[in-house]
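Student: predicted model and sequence below, questions to follow.
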Amino acid sequence: MTTLGKVEKTALVTGASSGFGLRIAVELAKRGYRVVAAMRDPRKQVALMQEAERVGAAGRIEVAQLDVTDAATIEAAVSDMLRSYGRIDVLVNNAGMAVGGFVEEVPMAAWRAQTETNFLGLVAMTRAVLPAMRAKGGGTIIQMSSVSGLWGIPGFGAYAASKFAVEGFSESLRHEVAPFGIRVALVEPGAYRTAIWAKGFADIHAQPDSPYAGALQAVLRMARRTADTAPDPREVAELVGRLADKRRLSRLRYPIGRGARLLPLAVRLLPWRLVEAATRRAMRGRN
């Protein structure tokens with residue numbers, strides 16, 4: 001637990017088998033954290049450990065089986081981490097999924113799965129680490145949100161709803177835990193090259209002869225075009241690393257990515273009719 005008498009900081013990262021989670025786990029390990037990389041299926045750790053090995057950080061990462069929708073696995077992973085290291089300094093709530101489809105055509109089971117993973121799973125993880133952070137007198141909770149938590153686009157209402165919930169929850173949480181030295185941050189990425197959207201496209205919910213077919217195809221064309229030109233997600237991991245290292249987080253929200261910093265201002269300051277009109281133009285593929 002110590003290096004030359006100095007207590008090592010620890011981090012728990014959910015959804016660490018791919019995408020942002022993989023890169024965040026490696027970034028934190030590079031920065032000297034002992035990282036517990038949590039994933040539903042530990043057999044999917046190969047890419048994570050290969051990347052960690054490449055940068056010389058594999059010895060600082062251990063993999064834990066954890067499903068954010070399964071309370072027993074949450075309790076086991078948190079308890080094991082506290083037994084091993086005696087502390088949890090950073091929690092990165094990254095595990096997530098994207099349900100695609102127009103509201104009328106997304107079955108309620110998919111709405112529930114979206115909410116259970118992206119929102120209620122995040123709440124459960126947060127609640128699980130709070131007692132240890134309070135007892136230690138501090139900690140950092142980083143919630144991986146999205147620009148979709150500020151701006152809902154057609155065809156991804158379930159995903160946007162889950163991220164809007166994360167935003168409101170985190171606002172309340174930040175007030176509640178500040179007296180205990182616990183910091184809370186929302187990271188709000190725009191589009192990046194990760195697998196979450198490819199999975200969402202593959203499982204899109206649409207009915208045969210759908211009245212929304214034309215609109216859905218326009219949304220998917222825009223989303224694929226954006227994904228094809230999206231930047232490397234490594235810069236998001238680097239931002240998370242910087243936030244984890246900070247003693248003080250001066251603000252709650254940290255937008256990152258193409259257009260992500262302007263979007264909150266536009267949504268807050270522009271008349272809603274202009275935001276709505278711009279959204280509809282974008283969905284039709286116009287500039």
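Tutor: Yep, it's here. Keep in mind that what you see is a predicted model, and the values were worked out from it rather than measured.

Student: in stretch 110-117, which residues are buried?
Tutor: Ala110, Trp111, Gln114, Thr115, Glu116, Thr117 (16 or more other Cβ atoms under 10 Å). From N, CA and C alone the C-beta is placed, and that goes for glycine too.

Student: got CSV for these, with distance to Phe180, secondary structure and pLDDT too?
Tutor: Output for those, formatted as CSV (distance: Cβ to Cβ, whole Å; DSSP: H, G, I helix; E, B strand; the rest coil; pLDDT from 0 to 100):
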residue, distance to Phe180, secondary structure, pLDDT
Ala110, 37, helix, 96
Trp111, 34, helix, 97
Gln114, 31, helix, 96
Thr115, 28, helix, 97
Glu116, 28, helix, 98
Thr117, 27, helix, 97
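
Student: nearest to Asp209, of the residues you listed?
Tutor: Ala110 (19.9 Å; Cβ to Cβ).

Student: packing partners of the lengthiest helix in the chain?
Tutor: If you go by DSSP state H, the chain has its longest helix at helix 157-177. Counting contacts by 3 or more Cβ pairs under 8 Å, 6 or more residues apart in numbering; DSSP states H and E, helix 157-177 packs against helix 108-115, helix 121-136, strand 139-144, strand 182-189.

Student: at 10 Å what do you get?
Tutor: helix 108-115, helix 121-136, strand 139-144, strand 182-189, helix 195-202, strand 253-256 (3 or more Cβ pairs under 10 Å, 6 or more residues apart in numbering; DSSP states H and E).

Student: as TSV, the ones you listed with distance to Tyr85 would be great.
Tutor: Formatted as TSV, those follow (distance: least, Cβ to Cβ, whole Å):
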stretch	distance to Tyr85
helix 108-115	31
helix 121-136	10
strand 139-144	13
strand 182-189	18
helix 195-202	29
strand 253-256	26
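
Student: at which residues are the strands of the chain located?
Tutor: Remark: strands assigned in the chain by DSSP state E are 2-3, 6-7, 10-13, 34-39, 61-65, 90-93, 139-144, 182-189, 253-256.

Student: lowest average confidence across these, which one?
Tutor: Ranked by mean pLDDT, the strands of the chain bottom out at strand 2-3, with a mean of 45.

Student: before we move on, the earlier item: out of the helices and strands packed on helix 157-177, which gets nearest to Ala77?
Tutor: Counting by Cβ to Cβ, and looking across all of those, nearest comes helix 121-136 at 8.4 Å.

Student: what residues are up against the residue nearest to Glu116 when sequence neighbours are not counted?
Tutor: Spatial nearest neighbour of Glu116, excluding adjacent residues (Cβ to Cβ, 6 or more residues apart in numbering): Thr69 at 4.8 Å. Shown in contact with Thr69 (Cβ atoms under 10 Å, 6 or more residues apart in numbering): Arg40, Ala95, Arg112, Ala113, Thr115, Glu116, Thr117, Leu120, Gly121, Ala124.
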